[in-house]
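Enquirer: sequence and predicted structure, then a few things I'm wondering about:
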Amino acid sequence: DGGITQSPKYLFRKEGQNVTLSCEQNLNHDAMYWYRQDPGQGLRLIYYSQIVNDFQKGDIAEGYSVSREKKESFPLTVTSAQKNPTAFYLCASSPPVAGDGYTFGSGTRLTVV
Amino acid sequence: DQQVKQNSPSLSVQEGRISILNCDYTNSMFDYFLWYKKYPAEGPTFLISISSIKDKNEDGRFTVFLNKSAKHLSLHIVPSQPGDSAVYFCAARRFKAAGNKLTFGGGTRVLVKP
């Protein structure tokens, strides 16, 4: 079955540490995205990538970094510069013209302890 | 600047009745609108969409209405079922937006009571 796999499902980070969230897709989609969900604030775009070796900042990119070395993979690193990293992180992908929008992964809940 | 707003954070409805979820947008360049359904600790799943050239799209129990002049869309669920209890997000895409980016509203939590 095609889909998007995010891992881990739960992640705990100590203050000052960097952590990397994994996102893998086997849908052969060109575009991939990272969103963050906070209570009552919907989904906010962190980074997106339209093609391998290229990515763009979204609305809240500060404190995050990404890479896109393979079409299937779009890992997100939450750095120590992110002041409020505790949130639910969602990865998504879409073909170039997605009439039906994105396919989302099941998410990673990151908690800073 | 919140370009897509869902002003009702929650909605409670009796099983079998109609659920109406509302969404307002400010950017007139949005040309495609989508609704997603999300259960706790899961990713959103696509529900239904509508192009700006239409004013209604129907799929089974779900109908989306678009009023471009008012920059307003709504999702009707008839009849509501307990399994419809979830958070619903409205999303919009800007015409020729780079990377097919979607802008999401804050979500409406729906509770369907048996």
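Expert: Yep, that arrived. Numbering: from 1, shown residues only, chains lettered A, B, ... in the order given.

Enquirer: how long is stretch A:49-61 end to end?
Expert: Chord length of stretch A:49-61, first to last residue, is 13 Å (C-alpha to C-alpha, to the nearest Å).

Enquirer: mind listing what the residue in chain B that chain A sits nearest to touches?
Expert: In chain B, the residue that lies nearest chain A is residue B:43 (3.2 Å; C-beta to the nearest C-beta). Any C-beta I mention is one placed from the backbone N, CA and C, and that applies to glycine too. Under the criterion of C-beta atoms under 8 Å, 6 or more residues apart in numbering or on different chains, the contact list for residue B:43 reads A:4, A:6, A:90, A:92, A:104, A:105, A:106, A:107.

Enquirer: from these, pick the one nearest chain B.
Expert: Within these, the smallest distance to chain B is 3.2 Å, found for residue A:104 (C-beta to the nearest C-beta).

Enquirer: for the closest one, which non-adjacent residue is spatially closest?
Expert: In space, not counting the residues next to it along the chain, residue A:104 is nearest to residue B:43; the distance is 3.2 Å by C-beta to C-beta, 6 or more residues apart in numbering or on different chains.

Enquirer: does the one you found sit in a helix, a strand or a coil?
Expert: coil (DSSP: H, G, I helix; E, B strand; the rest coil).

Enquirer: now do it, the pLDDT please.
Expert: Looking at residue B:43, its pLDDT reads 90.

Enquirer: ditto for residue A:100
Expert: The confidence metric pLDDT takes the value 62 at residue A:100.

Enquirer: report whether residue B:63 is found in a strand, as I expect.
Expert: Yes: under three-state DSSP, residue B:63 sits within a strand.

Enquirer: got the contact list for it?
Expert: Residues B:48, B:56, B:57, B:75, B:76, B:78 are the ones in contact with residue B:63 under the rule C-beta under 8 Å, 6+ apart.

Enquirer: which one (most neighbours) among those?
Expert: Tallying neighbours with other C-beta atoms under 10 Å in any protein chain shown puts residue B:75 at the head of these, with 23 neighbours.

Enquirer: in which helix or strand does that residue reside?
Expert: When elements are defined using DSSP states H and E, residue B:75 is found to belong to strand B:72-77.

Enquirer: and for residue A:59?
Expert: With DSSP H and E as the criterion, residue A:59 is inside neither a helix nor a strand.

Enquirer: check it and give its pLDDT.
Expert: At residue A:59, the pLDDT recorded in the model is 90.

Enquirer: ok, for it, nearest residue in space, not its chain neighbours?
Expert: Here the nearest residue to residue A:59 in space, its sequence neighbours aside, is residue A:45; by C-beta to C-beta, 6+ apart that works out to 5.1 Å.

Enquirer: got the contact list for that neighbour?
Expert: For residue A:45, the contacting residues are A:33, A:34, A:35, A:58, A:59, A:60, B:101, B:103, by C-beta under 8 Å, 6+ apart.

Enquirer: out of these, flag the one nearest to residue B:27.
Expert: residue B:103 (7.7 Å; C-beta to C-beta).

Enquirer: you'd agree that closest one is in a helix?
Expert: No: the assignment for residue B:103 is strand, going by three-state DSSP, so no helix is present there.

Enquirer: that one bridge partners, please.
Expert: residue B:92 (DSSP bridges).

Enquirer: tell me the spacing between it and residue A:112.
Expert: Residue B:103 sits 27 Å away from residue A:112, going by C-beta to C-beta, to the nearest Å.
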